[in-house]
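Here is my input; please provide its structure:
(chains A and B)
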Amino acid sequence: MAIILNHVSHIYEAGTAMEVAALKDVSLSIPDGQFIGLIGHTGSGKSTLVQHLNGLMKPTSGHIYYNGEDIHEEGFDKKKLRSKVGLVFQYPEHQLFEIDVFSDVCFGPKNMGLDEKEVQLRAYAALKQVGLEDDYFYQSPFDLSGGQKRRVAIAGVLAMKPEVLILDEPTAGLDPKGRDEILDQIAALRAETGITVILVSHSMDDVAKYVDRIVVMNQGSVMYDDEPRKVFRYYKELEAVGLAAPQVTYIMQALKEKGFPVQTDIITIEEARDEILKALGKTGRRNA
Amino acid sequence: MLRDITLGQYYQTDSVIHRLDPRVKLVATIVFIISLFLVDNFIGYLIAAVFLACMIKISKVPFRFMVKGMKSVVFLLLIAVVFNLFLTPGEPVISFWKITVTKEGLSMAFKMAVRLVFLIIGSSLMTLTTTPNNLTDGMEKLMAPLKRLHVPVHEVAMMMSIALRFIPILLEETDKIMKAQIARGADFESGNLIKKAKSMVPLLVPLFISAFRRANDLAMAMEARCYRGGEHRTKMKPLVYHKRDGMAYGILAVYAVMSVYFGRFFRI
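Reported below is the predicted structural model:
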């Protein structure tokens, strides 16, 4: 068991008129190697939740355990925790600051106190992992395109070799191609290294294809926590809180209502195609 | 940590002071500050204290908000008091080793402390009860005669309101970048002065870039809406004096006369 959250609550501006409960009694356990999609609309507490996982925020009440140790216990090494639980913020390209791409990626591992050679090896490997070509390594990060900047920023966290990688809306503001590329690279990285990945998003289409488990947040509480297929069965309830199931789920529902013998717990386009062909094949024969 | 700065922050509530025309509040603040420096006896300070206390009471702003603003200038206050206390020549009261405290020094230090404290509380009362937009509107109106001298009053007021508007945005941004760099193992707290200064680079570079980006976006958005400065520009909510503003000026005049008369010329 990697990370356990035990009845975690967080209240902003406690004791003033602006008091807001961002997290309400959240309990979760995140085992090693899982690929999790954390979903919720704006203001549901997703970002607050992930900032608790690496100790950037302290819960107002409740405890967080990393490999069995309370991360807010006296003497717990938070710096080490942050290298183990890598957090990529929303719009991470806004944190780039070095004169060239390579030095920027070196920042994380350098802060871990590794020796020069190891730092460079890690930076190189991380940049390769996010699919950036060598030509860009010694350019200023500010000369790159939006998608490339974002990859450099993700590489900056990957270079610390985290055991848990958290990405807060990694695809926000990217075009469909850039989005698919980044998500595919994250999936490939996870398949290769077996690290735990938590993908924060408000788009079901983004995560449905990749994740093993979906956690749906609503108004600071966990609303659903299950396999994608099972979560999407509640598509009506999801809509009520400003979310939606993947597009194909709706198509399958509509087809079923029209009398086609199809399964409705379909989450990817490929599955939908097979299912529709199968259904058409059967009905086609019957009609002939 | 960054949210503690109250100087220039608005406290939302409904009171007569909040509803006053910003021009009245600006003039009142200036008059109050001038009176503090004209007055030089105990009665004068007492009048100022009573006046200030009444205004705070009427404004419904909790007193702790004023005190919060004080925190940032405690150091300055301390220096002013200490220098006046030990370095004013005159009739010695206490004397040990090389340090001499004089009667004049004591009274100067006391005056300095009272003036500074009242000055800060008085001006934070103005910013706490006036929205930044209102404040700059008021300034623009008050400084309008300067336009004759080719002072770009409107532009200055616009720059001020934008600057004030950006304070909370940049604070939030700083918080975000700080967290992002801490997540990458940055350390902003430990180390000596040089190391600390160096550790600011990963914070300051992105902050400057983001400030420029925001400024650029804002300029573009203003231009897209055909903003072209002060000439013939009308306001959605023009400033108009009400009856209460006239009364406020009256009260202010009474205060000014009283404080100058009793505080400066009246001798017991």
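
So which residues on chain A come close to chain B?
A:51, A:54, A:56, A:79, A:82-83, A:86-87, A:89, A:92, A:94-97, A:107-108, A:111-112, A:142, A:156-157, A:160 (C-beta under 8 Å from any C-beta of the partner chain). Bear in mind the C-beta positions are built from the backbone N, C-alpha and C, glycine included.

With adjacent residues omitted, what lies nearest to A:Val8?
Leaving out its chain neighbours, the residue that sits closest to A:Val8 by C-beta to C-beta, 6 or more residues apart in numbering or on different chains is A:Gly62, at 3.6 Å.

my hunch is that that neighbour is in a strand, does that hold up?
Yes: according to DSSP: H, G, I helix; E, B strand; the rest coil, A:Gly62 belongs to a strand.

what's the span of stretch A:238-250, first residue to last?
12 Å (C-alpha to C-alpha, to the nearest Å).

Now that stretch: buried residues?
Of the residues in stretch A:238-250, those with enough neighbours to count as buried (16 or more other C-beta atoms under 10 Å in any protein chain shown) are A:Leu238, A:Leu243, A:Ala245, A:Pro246, A:Val248, A:Thr249.

Contact partners for the residue in chain B that chain A sits nearest to?
Closest to chain A within chain B is B:Gly185: 3.1 Å, counting by C-beta to the nearest C-beta. When contacts are counted by C-beta atoms under 8 Å, 6 or more residues apart in numbering or on different chains, B:Gly185 touches A:Lys79, A:Arg82, A:Ser83, A:Phe107, A:Gly108, A:Asn111, A:Met112, A:Met160.

out of everything not next to it in sequence, what's closest to it?
Per C-beta to C-beta, 6+ apart, closest to B:Gly185 is A:Asn111, 3.1 Å.

just B:Tyr255 next, same as before
Closest residue to B:Tyr255 apart from its sequence neighbours, by C-beta to C-beta, 6+ apart: B:Phe51 at 5.3 Å.

follow-up on the earlier one: mind checking how far the residue nearest to B:Gly185 is from B:Ser190?
With distances defined as C-beta to C-beta, to the nearest Å, the gap from A:Asn111 to B:Ser190 amounts to 12 Å.

Of those two, which one has the most company?
When neighbours are counted by other C-beta atoms under 10 Å in any protein chain shown, A:Asn111 comes out ahead of the other of A:Asn111 and B:Ser190, with 21 against 8.

for the stretch 1-150 of chain A, what spans make up the helices?
Remark: helices assigned in the stretch 1-150 of chain A by DSSP state H, counting those that start in this stretch are A:46-53, A:78-84, A:101-111, A:116-129, A:146-158.

Which segments of chain A make up each domain?
When chain A is parsed with automatic domain parsing, its domains come out as A:1-76+A:164-173+A:196-243, A:246-288.

Check chain B too.
When chain B is cut into domains by automatic domain parsing, you get B:2-130+B:239-265, B:146-224.

and whichever residue of the stretch 51-200 of chain A sits closest to chain B, how far is that from A:Val50?
Ranked by C-beta to the nearest C-beta, the top residue of the stretch 51-200 of chain A for proximity to chain B is A:Asn111, at 3.1 Å. From A:Asn111 over to A:Val50 the distance is 20 Å, taken as C-beta to C-beta.

doesn't B:Leu116 make contact with B:Ala80?
Yes: B:Ala80 sits in contact with B:Leu116 when judged by C-beta atoms under 8 Å, with a separation of 6.2 Å.
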